[in-house]
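*Asks:* 3D model of this:
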Amino acid sequence: MTIKQNEILIYPTDTVWGIGCSLYSEEGFKRIAEIKKTNSKKPLSIMFASIEDIYKSFHFDSELNLLWLKEFFKLETTLGLSLKSSKIQIPKWATGASQFASIRCVDTPIIRDIYNKLRTPFFTTSLNITGEPPIINDQEAFDFYHRHVKDAHFFANNTNDNLSGSSSTIVFLKENLDFEIVREGLKAEQVKNHLAKLFEC
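*Replies:* Numbers count the residues shown, from 1 in each chain. Modelled structure (predicted):
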C-alpha cells in the first residue's frame, strides 16, 4: 500500500486514536480541520517514528541526548521545540503565529509503517469532533472513519494494546534548558521527575 501526500490517515497512538497527513500537505492539513470542525489555522503536532529521526531534524543541547529523549517520549509526551532549532523545512502555514513546533514520537509498528511509506514526518491530532472526547475504542475509530472520512487510510490496531485515553503531557523547551509544562497528562509527575534529572548533576 502506498500513501499519497494529500491523503488522510487514521491510526492508534499510545494515548488515543489519531488523524493525520503528510507534513507537507496543506490540503490535508485544512481537511483535518474540516473533519474535526475546528480552526484551520490551529497548529497540529508533528509525529516522528524514532528518536533518531527527531535528533537528525532538530538541534539539541548536549544534555538532551538520545537516551534522555527516549525516556521522555515513553511518558506519553509532546515536546515543543523552537522553530529556530529545526534542521528540516516546516511550512509556515503549519505553525501560524507560534514560534514552536510540537513534536511527538510513538515507536509502534503502525507509526513506523506510516512514516516509512510517507518518507516524512506527519501531522497528528486526536480523532474526534472538536469538543467531543478523543476516541480510544477501536470500533468507535472505525465508525468515525466510516461516517466522516471513508477515503482515509485506516490502520487497524492489531496489537490489542489498550490506549491510555489521556492526552499527552505537553512540555515546551525554551532557552537554557528552561521547560514549561503547558498541559499535564496521565504521566505528568513522571515527566516532572524526568525533567529534574537534567539538573541533578
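
*Asks:* all contacts plus neighbour counts: C-alpha atoms, from now on.
*Replies:* Fine.

*Asks:* got the buried residues for the least confident helix or strand in the chain by mean pLDDT?
*Replies:* Using mean pLDDT, DSSP states H and E, the weakest-scoring helix or strand in the chain turns out to be helix 92-95, at a mean of 90. Judged by neighbour count (16 or more other CA atoms under 10 Å), helix 92-95 contains these buried residues: 94, 95.

*Asks:* Could you list every helix and strand that it packs against?
*Replies:* helix 26-36 (3 or more CA pairs under 8 Å, 6 or more residues apart in numbering; DSSP states H and E).

*Asks:* Mind listing residues that contact the helix or strand following the helix it packs on?
*Replies:* Of the helices and strands lying after helix 26-36 in sequence (DSSP states H and E), the nearest is strand 45-48. The contact list for strand 45-48 (CA atoms under 8 Å, 6 or more residues apart in numbering) reads 23, 54, 78, 101-106, 111, 115, 121-125.

*Asks:* follow-up on the earlier one: need the contact partners of the least confident helix or strand of the chain.
*Replies:* Against helix 92-95 from outside (CA under 8 Å, 6+ apart): 26, 29, 41, 42, 43, 44, 101.

*Asks:* among those residues, which ones are buried?
*Replies:* For these, buried by 16+ other CA under 10 Å: 26, 29, 43, 44, 101.

*Asks:* Not counting sequence-adjacent ones, nearest residue to the second one?
*Replies:* The shortest distance from residue 29 to any residue other than its chain neighbours is 6.8 Å, reached at residue 21 (CA to CA, 6 or more residues apart in numbering).

*Asks:* Show me what the helix or strand in which that neighbour is found is packed against.
*Replies:* In the assignment (DSSP H and E), residue 21 maps to strand 17-22. Contact here means 3+ CA pairs under 8 Å, 6+ apart; on that basis strand 17-22 packs against strand 9-12, helix 26-36, strand 122-126.

*Asks:* can you give me how far it is from the chain middle?
*Replies:* 8 Å (CA atoms, centre = their mean, to the nearest Å).

*Asks:* Ok, stretch 75-85 next?
*Replies:* 10 Å.

*Asks:* what's the answer for stretch 61-72, then?
*Replies:* In this view, stretch 61-72 has its centroid 18 Å away from the chain centroid, taken as CA atoms, centre = their mean.

*Asks:* Quote the end-to-end distance of it.
*Replies:* 15 Å (CA to CA, to the nearest Å).
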